[in-house]
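Asker: how would this look folded up:
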Amino acid sequence: MIVTIFNKKGGTGKTSLAFNLAKDLDFFLLSNDDSVIEDIYPEKARVMDKVEIIESQNIVYDLGGFIDPSISTIFKGSDIVIIPTTLDVNSIKRTINTVMEIHAYTKDIVIVINRVQKAKLYKYKQSIEALKGLGKDIIYIRETEAVPNSIHMGKSFTELYNEGGLSKSHYKGIYEDYTKLLERITK
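Answerer: Numbering: from 1, shown residues only. Below you'll find the model as predicted:
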């Protein structure tokens, strides 16, 4: 299975999402963008100058926000493409643009809205409607300390959640959100 994480906009949570998915699915993690993945997932993550499709492996691709000729092959070979975004206007604009550009290569696209503050969703009604208008599945992942904690500790959201009773209470919300994404990928 090939899962690709991509958005032309930086700062949307691509790498943290890719790391968590790769670790929880026990997939390899490949990226064309310099990041910490080799440090936090050393046995299965690599940063490469040029990423290529490797069909015989289960892989999560964490693609930087730039288009290079080789990544269209990755989109074509992907079982699912996940486009993380946030609800700021620039991210929404770039996300819509990204979906429109890669739609020709893959039909199974999921938009993940990161850093959601559920009490403030009403402020972003117009942005959310614009994303819904793309006709793609949308999954919300709330704002939480789990993201920096995950990267800092080299543990996935699932590992953080399962550390014990206090962790289950602390990470319950993001774990519920994130589980929806895992289920969507594995269905």
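Asker: now the strands: where do they sit in this structure?
Answerer: Ranges of strands in the chain, per DSSP state E, are 2-5, 28-31, 45-47, 59-62, 80-85, 109-116, 137-142.
Asker: what about the fifth one, average pLDDT?
Answerer: Confidence over strand 80-85, taken as the mean pLDDT, stands at 97.
Asker: quick check: closest non-adjacent residue to residue 63.
Answerer: residue 6 (4.4 Å; CB to CB, 6 or more residues apart in numbering). Where C-beta positions appear, they are placed from N, C-alpha and C, glycine not excepted.
Asker: list the contacts of the one you found.
Answerer: Residue 6 makes contacts with 14, 61, 63, 65, 71, 75, 81-83, 98, 102, as judged by CB atoms under 8 Å, 6 or more residues apart in numbering.
Asker: and of the strands of the chain, who's closest to residue 166?
Answerer: strand 137-142 (18.5 Å; CB to CB).
Asker: paired strands for that closest one, with orientation please.
Answerer: Here strand 137-142 has these sheet partners by DSSP bridges: strand 109-116 (parallel).
Asker: would you check how far apart the residue in the chain sticking out farthest from the centre and residue 17 are?
Answerer: Going by CA atoms, centre = their mean, the residue of the chain most distant from its centre is residue 165, 26.8 Å out. Per CB to CB, to the nearest Å, residue 165 is found 26 Å from residue 17.
Asker: same question for residue 129.
Answerer: 23 Å.
Asker: tell me which of those two has more neighbours.
Answerer: Legend: neighbour count by other CB atoms under 10 Å for residue 129 and residue 17, higher for residue 17 (24 against 9).
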